[in-house]
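S.K.: My questions are about this predicted structure, shown below with the sequence.
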Amino acid sequence: MRSITIRIDDVCPSMNWEAFSRFAKLLDEHDIKPLIGVVPDNKDPMLDAGEERNKDFDDPEAYASWLKGLTERGWKIAMHGVNHVYTTKEGGIFPMNDFSEFAGVDVWVQYEMIKQGVQILKDLGVETDIFMAPGHSFDKNTLRALKKCGFKYITDGYGRFPFERLSFTFLPISFLRSKELKKKDGITTFVVHPAMMKDEEFEEYEKLFSEKREQFVDYDEMLKVPALQRNRAGDSKEYIMVKAKHFAGKFV
């Protein structure tokens, strides 16, 4: 039976608090502790919920206290980019999309961006060695900059188990959610964007958590699984899979 972890993207002070809280309540009801991707300095207008944002988060101390509370409950935090603004049309080495905050940008520019993001999180009392790329897009220069800033894990990639690649441990995400639930072994992650979810999607997760609770594990369990060595054949297979998903997405 495949184990499933949950990651929540796009956490920032201006996010849609109502949608986030609705999904967080589902997790709490079923005692599932996720990974959340925190955007250090959001400048993406698409992540600004306007009237639905939590005005309390405009106070850095209140926001920091809230994040601390999540970690004390066992939730994990990843750094989700820096500004969440797509500045290039590059897909990088995991080309699920043809846009990126990082891929195609000079390595030293990326390093300065990531270093700034790390400092912002530290000022909020958050230290993490897990990176979550906006749009799933990053390149080898991103990895060089991340390594220099102390990161060890990337929450992306396809595989049955965590795997080693380019001096990082990649923590896999699901290719097709419906198929992952039927597989016999391994561990993967369902990627969730609460602000983009419709009522039926919340209801679908409620049904999943109720009927398949034994498959859902805390994100901490992903970090305990020994990483496998990845060869070129595995890299090539992943590249074909992600390009196929990207191509299919254009016709959905």
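M.R.: Yep, it's here. Numbers count the residues shown, from 1 in each chain.
S.K.: what helices or strands is the helix or strand of the chain with the lowest mean pLDDT leaning on?
M.R.: Ranking every helix and strand in the chain by mean pLDDT, DSSP states H and E puts helix 232-249 at the bottom, with a mean of 75. Where contact means 3 or more C-beta pairs under 8 Å, 6 or more residues apart in numbering; DSSP states H and E, helix 232-249 is not packed against any helix or strand. The C-beta positions use only the backbone N, C-alpha and C, and glycine is treated the same way.
S.K.: Send me that helix as PDB with only the CA atoms.
M.R.: The C-alpha coordinates for helix 232-249 follow below in PDB (Å, rounded to 0.1, in the frame of the first residue of the first chain):
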ATOM      1  CA  ARG A 232      20.400   8.300 -15.800                       C
ATOM      2  CA  ALA A 233      17.700   6.000 -16.900                       C
ATOM      3  CA  GLY A 234      15.600   7.100 -14.000                       C
ATOM      4  CA  ASP A 235      16.200  10.800 -14.900                       C
ATOM      5  CA  SER A 236      15.200  10.100 -18.500                       C
ATOM      6  CA  LYS A 237      12.000   8.400 -17.500                       C
ATOM      7  CA  GLU A 238      11.100  11.200 -15.200                       C
ATOM      8  CA  TYR A 239      11.800  13.800 -17.900                       C
ATOM      9  CA  ILE A 240       9.500  11.900 -20.300                       C
ATOM     10  CA  MET A 241       6.800  11.700 -17.700                       C
ATOM     11  CA  VAL A 242       6.800  15.300 -16.800                       C
ATOM     12  CA  LYS A 243       6.900  16.500 -20.400                       C
ATOM     13  CA  ALA A 244       3.900  14.200 -21.100                       C
ATOM     14  CA  LYS A 245       2.000  15.700 -18.200                       C
ATOM     15  CA  HIS A 246       2.900  19.200 -19.300                       C
ATOM     16  CA  PHE A 247       1.700  18.500 -22.900                       C
ATOM     17  CA  ALA A 248      -1.500  16.900 -21.600                       C
ATOM     18  CA  GLY A 249      -2.200  19.900 -19.400                       C
END
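S.K.: In that helix, which residues are buried?
M.R.: With burial defined by 16 or more other C-beta atoms under 10 Å, the residues of helix 232-249 counted as buried are 234, 238, 242, 245-246.
S.K.: Thr169 contacts Ile154, doesn't it?
M.R.: Yes: applying C-beta atoms under 8 Å, one finds Thr169 in contact with Ile154, separated by 7.4 Å.
S.K.: Next, format the buried residues of helix 232-249 as CSV and append distance to Thr88.
M.R.: CSV is the format used below for the buried residues of helix 232-249 (distance: C-beta to C-beta, whole Å):
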residue, distance to Thr88
Gly234, 26
Glu238, 21
Val242, 17
Lys245, 20
His246, 16
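S.K.: Pick out whichever of Thr169 and Ile154 has more residues nearby.
M.R.: Between Thr169 and Ile154, Ile154 has the larger neighbour count (other C-beta atoms under 10 Å), namely 25 against 21.
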